[in-house]
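1. I need the structure of the sequence given here:
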Amino acid sequence: MNQSDVIELDTALKTRLQEILEDRVTAMNCPSVFASLFQGTNVLMQAGVGERHSGAGAPGPETAYRIASCSKSFTAAMLLILRDRGLVNLDAPITDFVPEFTQAPLGHAYDPPTVRMFMSMSGGLPTDDPWADRQESISNEALREVVSQGVLLTTPPGTTFQYSNLGYALLGQVIEEVSGRGFCDLVTEEILRPLQLHDTGYEQDAVTPDRLAHGYRKSAQGWLELPFSDPGAFSCIGGLFASARDLAKWVGWLSSALRDEPDEAGPLSIASRREMQQVVTAIPQGADIAALARHASRNFGYGFGLISERDEKWGQFVSHSGGYPGFSSHMRWHAATGLGVVVLENGTYSGATQTGALLIDQILDDLDFQQSATTAWEMTEELARHATTLIQHWDEELAARIFEENVNLDIPFDERQAEIRRLIHVVGGLNEAGFPHLLERKSSTPLHLDWTLPGAHGALRCQIRLSPKVPSLIQTFQVTLAEPRD
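-> A predicted model of the protein is given here:
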């Protein structure tokens, strides 16, 4: 299955997914939850459970929640738009834009972190969620005063993943410095309006009051409603309000860049959208942000405002979560199928990440999805057939036709021929069935092929890798024992 194959959910699966959402509310994780499951622009299922605020009805696809740190993907996209226009160098130090930035005289002294390091959560600043989530409304002047008093760098910049909201707040200052415009207005004009994200904005009036979910925290008396914070210098870390409908549209636009035929439209190029979704900083196992219980062995890394995950069975996922006073959010998509999920909850740090991961995993489990093996290109297959002929009956003229010049220079043909004869003897001679009847074959790239030739007492493992030029010939040629002699 790939992105061109249409996913359909049967009734039994939809029932299980609905139960997951209902459990979120009945277990008192949040007063309400809305989830949308989709493939591109095709909505597979969407449902809201609970009350969007006390005494109100269930949320719908147009109900706006605070999406918290899912907002960081918009901040990163804005920086890349400015980078692509030649207005900002991602490898410039933060002090070029925020000269007030000062490292506190504790620990080692480091060179100032760069814009790229803050974008990829490797700027050396420590994790700071509880503190930073209460700073949204402070002014630019107050933020610059904070960093002028000294900030704590706990790891060498550019080396280690630490989830820093302060780093992203400073990126908002970079955006304002190079553009000469206010951050919230710029993102609205350059991203939200071109993509027609009409239910998205940095103030609660992004939607009408009847379409706004209110935020709550759990207390001894039950759910306690929390006030909304106003936009400010920290809005770029998590200040957006958005509906599931809009956030799904944002996910679809980002994920389309991973398709073989991506959607060209929009304010950011395909290449830059792909760049956002690739690992820049590895996230170590055990880090809170990678703590998905079902996937302890999955590899995680931070790109630009997004997390890239690699699963051995299912392939690449891209995601981000958000937690804010009163809210929790999660967006996630699967590169191979285009399957996406958005989950919005109105409970403080309620755990929408687990909800979203479970929903999408249920679907992939039900589909019995497994990522497709890499397929060798026809020219690779043809050269492998010639290489098989050469192994069975060495021919200097054929060798000269199929190999790049380095093959003979690395190990002369006469040495290769002698070693192949020795290995054929070890396995008791080769079956003369030829290339179409190989025991095993696999590829890691379209220019690579690894196959097995059977013998009477074992087998030979054969491997070729082609050069990157046209015409492409064999640059790597290996023949070894696949199995020990009986």
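
2. Hmm, V318 is touching L254, no?
-> Yes - V318 lies in contact with L254 (Cβ atoms under 8 Å); the separation is 7.3 Å. In short, each C-beta sits where N, CA and C put it, glycine included.

3. Can you check which residues contact both of those two?
-> Common contacts of V318 and L254, defined by Cβ atoms under 8 Å, 6 or more residues apart in numbering, comprise 277, 306, 333.

4. show me where pLDDT drops low in the chain?
-> 1-4, 263, 288-297, 432-440, 483-486 (pLDDT under 70).

5. can I see the domain layout of it?
-> 11-82+176-367, 378-481 (automatic domain parsing).

6. Return the most buried member of these.
-> Mean neighbours per residue, mean count of other Cβ atoms under 10 Å, is largest over these for domain 11-82+176-367, with a mean of 20.

7. Just the CA coordinates for stretch 314-322, please, in PDB.
-> Output of stretch 314-322 as PDB, limited to C-alpha atoms (Å, rounded to 0.1, in the frame of the first residue of the first chain):
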ATOM      1  CA  TRP A 314       5.800   0.800   9.200                       C
ATOM      2  CA  GLY A 315       8.500   3.300   8.000                       C
ATOM      3  CA  GLN A 316       8.500   7.000   8.500                       C
ATOM      4  CA  PHE A 317       6.000   9.000  10.700                       C
ATOM      5  CA  VAL A 318       6.100  12.800  11.200                       C
ATOM      6  CA  SER A 319       4.500  14.400  14.200                       C
ATOM      7  CA  HIS A 320       4.300  17.100  16.800                       C
ATOM      8  CA  SER A 321       2.500  17.400  20.000                       C
ATOM      9  CA  GLY A 322       1.400  20.400  22.100                       C
END
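
8. and it, how far from the chain's centre?
-> 5 Å (Cα atoms, centre = their mean, to the nearest Å).

9. just stretch 57-67 next, same as before
-> 25 Å.

10. what's in contact with it?
-> In this structure, residues lying in contact with stretch 57-67 by Cβ under 8 Å, 6+ apart are 32-34, 36, 46, 48-52, 199-200, 204, 206-207, 211-213, 215, 228, 238-245, 247, 322, 324, 326-327, 329, 344-346.

11. And stretch 267-276, by the same measure?
-> By Cβ under 8 Å, 6+ apart, stretch 267-276 touches 73, 76-77, 80-81, 83-84, 190-191, 194-195, 253-254, 256-258, 262, 264, 266, 303-306.

12. Try it again at 7 Å.
-> Here stretch 267-276 makes contact (Cβ atoms under 7 Å, 6 or more residues apart in numbering) with 76-77, 80-81, 84, 190-191, 194, 254, 257-258, 262, 264, 303-306.

13. Now intersect those residues with the helices, please.
-> Mapping these onto helices (DSSP state H) picks out 76-77, 80-81, 84, 254.

14. Farthest pair within those?
-> D84 and L254 (15.6 Å; Cβ to Cβ).

15. I'd like to check what contacts stretch 415-435. Which residues are they?
-> Contact partners of stretch 415-435, identified using Cβ under 7 Å, 6+ apart, comprise 384-385, 388, 391-392, 394, 453-460, 479, 481, 485.

16. Let's see that with 6 Å instead.
-> Here stretch 415-435 makes contact (Cβ atoms under 6 Å, 6 or more residues apart in numbering) with 385, 388, 391-392, 394, 453-458, 460, 479, 485.

17. quick one: contacts for F304?
-> Counting by Cβ under 6 Å, 6+ apart, the residues that F304 touches are 76, 119, 276.

18. Okay, helices next: where are they in the stretch 101-250 of the chain?
-> With helices called from DSSP state H, counting those that start in this stretch, the stretch 101-250 of the chain shows them at 115-119, 129-132, 140-148, 165-179, 183-187, 235-238, 244-255.

19. of these, which approaches P99 most closely?
-> Of the helices of the stretch 101-250 of the chain, nearest to P99 by Cβ to Cβ is helix 140-148, at 8.8 Å.

20. in that closest one, what counts as buried?
-> Buried residues in helix 140-148, defined by neighbour count with 16 or more other Cβ atoms under 10 Å: 140, 143-144, 146-147.

21. Which single one of the residues you listed is nearest to L339?
-> L143 (38.6 Å).

22. mind listing what the closest residue to the closest one other than its chain neighbours touches?
-> Residue nearest to L143 in three dimensions, not counting chain neighbours: A233, with 4.1 Å by Cβ to Cβ, 6 or more residues apart in numbering. Contact analysis of A233 by Cβ under 6 Å, 6+ apart lists 138, 140, 143, 169.

23. Excluding chain neighbours, what is closest to K72?
-> G305 (4.2 Å).

24. Just put the shared contacts of V318 and L254 in CSV and tack on distance to A373.
-> CSV is the format used below for those (distance: Cβ to Cβ, whole Å):
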residue, distance to A373
Q277, 22
L306, 26
W333, 22
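
25. Keep only those of these that are in strands.
-> Counting by DSSP state E, the part of these found in strands is W333.

26. could you pull out the helices for the stretch 251-400 of the chain?
-> 270-276, 352-367, 378-392, 396-402.

27. what's near enough to touch K442?
-> Contacts here follow Cβ under 6 Å, 6+ apart; on that basis K442 touches D450.

28. So which residues of the stretch 301-450 of the chain form strands?
-> Remark: strands assigned in the stretch 301-450 of the chain by DSSP state E, counting those that start in this stretch are 307-311, 315-324, 327-334, 339-345, 441-442, 448-455.

29. Parallel or antiparallel, which strands does the helix or strand immediately after the last one in the chain pair with?
-> Right, the one you point to is strand 448-455. Scanning forward in sequence from strand 448-455 by DSSP states H and E, the next helix or strand is strand 458-466. Neighbouring strands of strand 458-466 in its sheet, by DSSP bridges, are strand 448-455 (antiparallel), strand 474-481 (antiparallel).

30. a markdown table for the ones you listed, including distance to G182?
-> Listed next are these as a markdown table, based on distance: least, Cβ to Cβ, whole Å:
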| stretch | distance to G182 |
| --- | --- |
| strand 448-455 | 51 |
| strand 474-481 | 54 |
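
31. one step back: possible to save the helices of the stretch 101-250 of the chain as a markdown table with distance to S372?
-> Output for those, formatted as a markdown table (distance: least, Cβ to Cβ, whole Å):
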| stretch | distance to S372 |
| --- | --- |
| helix 115-119 | 32 |
| helix 129-132 | 38 |
| helix 140-148 | 47 |
| helix 165-179 | 36 |
| helix 183-187 | 37 |
| helix 235-238 | 37 |
| helix 244-255 | 18 |
